[in-house]
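A.B. asks: coords please:
(chains A and B)
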Amino acid sequence: MSNLTGFEVRLKSRPVGMPTPDNFDYVQAPVADPKEGEVLVRNIWMSVDPYMRGRMIDRESYVPPFQIGHALQGGAIGQVIAAGKGATLQVGDYVSHMLGWRDYAVVGPMAMPQKIDPKLAPIQSFLGALGMPGMTAYAGLYRIAAFKPTDTVFVSAASGAVGSVVCQLAKAQGAYVVGSAGSDEKCQWLLKEAKIDRAINYRKESDLDKAVGAAFLKGIDVYFENVGGKHLEAALNHMRVFGRIAMCGMIEQYNNTAPAPGPWNIIMTIPKSLRIEGFVVSNHYDLLPKFYQEMGKLIAEGKMKWQESVTDGLQNAPNAFLGLFKGENFGKALVRIGPDKAV
Amino acid sequence: MTAGRRWVLARRPVGVPSTDDFRLEDMTLPALQDGQALIRVDHISVDPGMRSRLSGDSYAPALDLGATIESAGVGQVIASRSTKLKEGARVWGGFGWQTHLITDGRGVQALDPDLYKGPITPTAAIGLFGIPGLTAFFALLEVGKLRPGDTVLVSSAAGTVGATAGQIAKIHGCTVIGIAGSDAKCAYLKEIGFDASISHRTCGDLATAFRAAAPKGYDIYIDNVGGEMLDAAIVNMRRHGRLVISGQIAEYNTTKPRGIRHTLPFITQRLRMEGLVVYDHHVQFDEARRQMATWVHEGRLRWREDIIDGIENAPTAFAGLFSGDSFGRRLIRVA
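C.D. replies: Numbering: from 1, shown residues only, chains lettered A, B, ... in the order given. Model (predicted):
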């Protein structure tokens, strides 16, 4: 056992409906030494993501459920402070891995460590635009939605970590892009920074369907779905023939205890020959080199921007997570666990 | 001058259509002009998909009040001043609910004697080789990307779309489970080679019954029903499952469709759902018909017709589709 002690956030109880701070425990935990092939990482940043809500339910899903009494998991960036025998990573390396929600992580192959290049962009971007959310945007837009530059594109949760990258990838190809977001501030950012064509503040629209229709007089070719519910219904109504819907997330539904009614108009799939496809980014990592190439180019040209919503301190990570469902965050929600550098 | 009869739209139906929504009219057809032919209609179809055009909803243009009800039909040319359509020729097209029509040949096709022989009678043109059979063919092979070994769930399985889809899946080495609305229909599914059947009126909870029939789940769902049945299928799909939406009979008569509740499995199971309009595949229609004809002659593909006599019965036969009283391809014998 190393002489370090750290803290970790554990799942105390399984939330029913909207999670509360009582579902989490912030506790001190011993730090083990890295064994052969492992490295000890001091975490600097961690990610909170809506998908984590699904892992709090005890059910079969695309990732196994979190266990009560154990530390939560999720994307994190840290620096290697000790390396076990035969480890490929060295002390001082920055690494992205899946053992967030703790100060110190013993990282082996199961935690999917990836060395990152701190010169390419600030290290926390590898949890956002250059990480899983950005890759989700890229795979969803290009592979699932089969995006073409002549398409019209509608993006929900458009200022979020995934949505903002979708918007700018499509815009960079010259597409007509409309995003929906939950505040005027987010809409202004979408118009001025992400430079999309129109932004809809869905909280201010009494009739979302009408607002979407007005923004797409000739209809929608690609809908990138992050929300569900009324957004999906509005999109279905205004899709063009041969439209494609990439089902990426449905944050509106994650805390429901019973499935909400809708979309009532799923019948639109027939006359419009629509394709609706769900996806999980882990099936598409073969696109990673192309993704880095495209993002590197757009960042260098100033055509890819993102927002971060930073919460300080591991003990505040549960609140950062809960904020995701209130629409409090603007851009990628991150928790700063400790100072950079770690060594 | 030829006397005939036709059904026209008398008023827009609300909910399930009733006979009062239609009006049977006498008509007199004028003498033929050059380039025209007179067709005597022998059989017409009644299709669930016609429902939306009677009301005119958000996606299908409405049929005008007083217009002849549209449908597919087969018939024979009984007089001709057209070089294209010879007297005596067997033809099919979108003839509508009428006993006769005069045509300039547009939209009318002569039946190819090479295709329509042996067990393949002219009515196949508006059944197995018409929209229903072609829908099944492209739903499975193009949209559903059928692979040998897939487990396939088919709704309205005793109907022409469903029964054809199930048999094509069997020909490709799949496990096929059909959903139908009576014991007689379920027995028929076994007879044409389905591995198992589910009688949806007596099976209790649909999702539970679907699970019991294939505990490992389904790779493909052919949906002709929509609503609750589609929802029950969604939660029983395997990873990377494909849902082909070819019909939604449960939704056609509602002013506010029910739609679905389960959307999260699209992400967790990476499902793909795609709507099918069969005309998008029209360039491959002849190829598909030839392939299906081969299967028929090999004894591997069968179909069933549900023929009702007399054009006066068309509206009742149509309304009955929505309560599931048809069994096979429902046609009206006009002459």
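
A.B. asks: contacts and neighbour counts: CA atoms only from here.
C.D. replies: Noted.

A.B. asks: How about the contacts made by residue B:197?
C.D. replies: B:177-180, B:186, B:189-190 (Cα atoms under 8 Å, 6 or more residues apart in numbering or on different chains).

A.B. asks: Run a quick neighbour tally on the closest residue to chain B within the stretch 201-343 of chain A.
C.D. replies: Minimum separation of the stretch 201-343 of chain A from chain B (Cα to the nearest Cα) falls at residue A:264, amounting to 3.6 Å. When neighbours are counted by other Cα atoms under 10 Å in any protein chain shown, residue A:264 registers 20.

A.B. asks: where does residue B:173 land in three-state SS?
C.D. replies: Here residue B:173 is recorded as coil under DSSP: H, G, I helix; E, B strand; the rest coil.

A.B. asks: where does the closest residue to it other than its chain neighbours land in three-state SS?
C.D. replies: Distances taken as Cα to Cα, 6 or more residues apart in numbering or on different chains put residue B:148 closest to residue B:173, at 5.0 Å, once the chain neighbours are dropped. Recorded secondary structure, residue B:148: coil (three-state DSSP).

A.B. asks: how deep is residue B:148 tucked in, by neighbour count?
C.D. replies: Using other Cα under 10 Å: residue B:148 sits among 12 other residues.

A.B. asks: how much space between it and chain A?
C.D. replies: 22 Å (Cα to the nearest Cα, to the nearest Å).

A.B. asks: Can you give me the pLDDT of that residue?
C.D. replies: At residue B:148, the model reports a pLDDT of 96.

A.B. asks: Could you do residue B:42 as well?
C.D. replies: So, for residue B:42, pLDDT stands at 97.

A.B. asks: for residue B:247, same thing?
C.D. replies: 85.

A.B. asks: Surely it is in contact with residue B:224?
C.D. replies: Yes - assessed by Cα atoms under 8 Å, residue B:247 is found in contact with residue B:224 at 3.8 Å.

A.B. asks: Out of those two, name the residue with the larger neighbour count.
C.D. replies: Legend: neighbour count by other Cα under 10 Å for residue B:247 and residue B:224, higher for residue B:247 (26 against 23).

A.B. asks: which parts of the stretch 201-343 of chain A sit against chain B?
C.D. replies: Of all the residues in the stretch 201-343 of chain A, those in contact range of chain B (Cα under 8 Å from any Cα of the partner chain) are A:228, A:247-250, A:253, A:259-280.

A.B. asks: rerun at 6 Å
C.D. replies: Within the stretch 201-343 of chain A, the positions near chain B by Cα under 6 Å from any Cα of the partner chain are A:259-266, A:269-270, A:273-279.

A.B. asks: And these, which of them are buried?
C.D. replies: The neighbour-count test (16 or more other Cα atoms under 10 Å in any protein chain shown) marks A:262-266, A:269-270, A:273-279 as buried among those.

A.B. asks: Which residue would be the closest one in chain B to chain A?
C.D. replies: With Cα to the nearest Cα, the shortest gap between chain B and chain A falls at residue B:259, namely 3.6 Å.

A.B. asks: and that residue, which of the three is it?
C.D. replies: Under three-state DSSP, the three-state class of residue B:259 is coil.

A.B. asks: Contact partners for it?
C.D. replies: A:262-266, B:227 (Cα atoms under 6 Å, 6 or more residues apart in numbering or on different chains).

A.B. asks: Repeat the analysis, applying 8 Å as the threshold.
C.D. replies: Taking Cα under 8 Å, 6+ apart as the test, what residue B:259 contacts is A:261-267, B:226-228, B:251.

A.B. asks: could I get those residues as a markdown table with distance to residue A:8 and pLDDT?
C.D. replies: Below are those laid out as a markdown table (distance: Cα to Cα, whole Å; pLDDT from 0 to 100):
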| residue | distance to residue A:8 | pLDDT |
| --- | --- | --- |
| A:261 | 38 | 76 |
| A:262 | 39 | 76 |
| A:263 | 40 | 89 |
| A:264 | 43 | 89 |
| A:265 | 45 | 89 |
| A:266 | 44 | 89 |
| A:267 | 47 | 87 |
| B:226 | 47 | 92 |
| B:227 | 45 | 92 |
| B:228 | 44 | 93 |
| B:251 | 51 | 80 |
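
A.B. asks: Pull the residues that contact stretch B:39-47.
C.D. replies: With Cα under 8 Å, 6+ apart as the test, stretch B:39-47 has contacts from B:71-79, B:95-103, B:123, B:126, B:314, B:317-318, B:321, B:330-335.

A.B. asks: repeat for stretch B:108-119
C.D. replies: Outside stretch B:108-119, the residues that touch it by Cα under 8 Å, 6+ apart are B:85, B:89-94, B:122, B:125, B:290, B:293, B:296-297.

A.B. asks: Now, of those residues, which are buried?
C.D. replies: If we count by 16+ other Cα under 10 Å, the contacts of stretch B:108-119 have these buried: B:85, B:89-94, B:122, B:125, B:293, B:296.

A.B. asks: what does chain B put close to chain A?
C.D. replies: Contacts of chain B with chain A, taken as Cα under 8 Å from any Cα, map to B:59-60, B:226, B:245-248, B:251, B:256-277.

A.B. asks: Look up the closest residue to residue A:341, ignoring the ones flanking it.
C.D. replies: Nearest non-adjacent residue to residue A:341, counting by Cα to Cα, 6+ apart: residue A:79, 7.5 Å away.

A.B. asks: List the pairing partners of the helix or strand containing the one you found within its sheet, with orientation.
C.D. replies: With secondary structure defined by DSSP states H and E, residue A:79 is part of strand A:76-83. Using DSSP bridges, strand A:76-83 pairs in its sheet with strand A:39-47 (antiparallel), strand A:94-97 (antiparallel).

A.B. asks: Contacts for the shortest one, please.
C.D. replies: Translated: strand A:94-97. So strand A:94-97 is in contact with A:74-80, A:107, A:111-118, A:123, A:126-127, going by Cα under 8 Å, 6+ apart.

A.B. asks: Put the buried members of those into a ChimeraX selection.
C.D. replies: Restricted to buried positions by 16+ other Cα under 10 Å, the ChimeraX selection for the contacts of strand A:94-97 reads:
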select /A:74,75,76,77,78,79,80,107,111,113,115,116,123,126,127
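
A.B. asks: all helices for the chain, in order.
C.D. replies: Reading this off chain A. Assigned by DSSP state H, chain A shows helices spanning A:51-55, A:132-138, A:161-172, A:184-192, A:208-215, A:230-238, A:288-300, A:317-323.

A.B. asks: To clarify, I was referring to chain B.
C.D. replies: For chain B, helices defined by DSSP H occupy the ranges B:51-55, B:131-138, B:160-171, B:183-191, B:206-213, B:227-234, B:265-268, B:285-297, B:314-320.

A.B. asks: Residue B:34 and residue B:82 touch, don't they?
C.D. replies: Yes - assessed by Cα under 8 Å, residue B:34 is found in contact with residue B:82 at 6.5 Å.

A.B. asks: quick one, which of those two is more surrounded?
C.D. replies: Using other Cα under 10 Å as the criterion, residue B:34 and residue B:82 rank with residue B:82 on top: 18 against 10.

A.B. asks: Save the contacts of residue B:259 as CSV, and put in distance to residue A:146 too.
C.D. replies: Compiled in CSV, these are given as follows (distance: Cα to Cα, whole Å):
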residue, distance to residue A:146
A:261, 29
A:262, 25
A:263, 23
A:264, 25
A:265, 23
A:266, 21
A:267, 22
B:226, 26
B:227, 28
B:228, 30
B:251, 30
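
A.B. asks: what are the phi and psi angles of the residue of chain B closest to chain A?
C.D. replies: Main-chain dihedrals, residue B:259, degrees, to the nearest 10: phi 70, psi -150.

A.B. asks: separation between it and residue A:314?
C.D. replies: Residue B:259 sits at a distance of 43 Å from residue A:314 (criterion: Cα to Cα, to the nearest Å).

A.B. asks: where does chain B dip in pLDDT?
C.D. replies: Chain B contains residues with pLDDT under 70 at B:57-60.

A.B. asks: Find the residue at the geometric middle of it.
C.D. replies: residue B:132 (3.5 Å; Cα atoms, centre = their mean).
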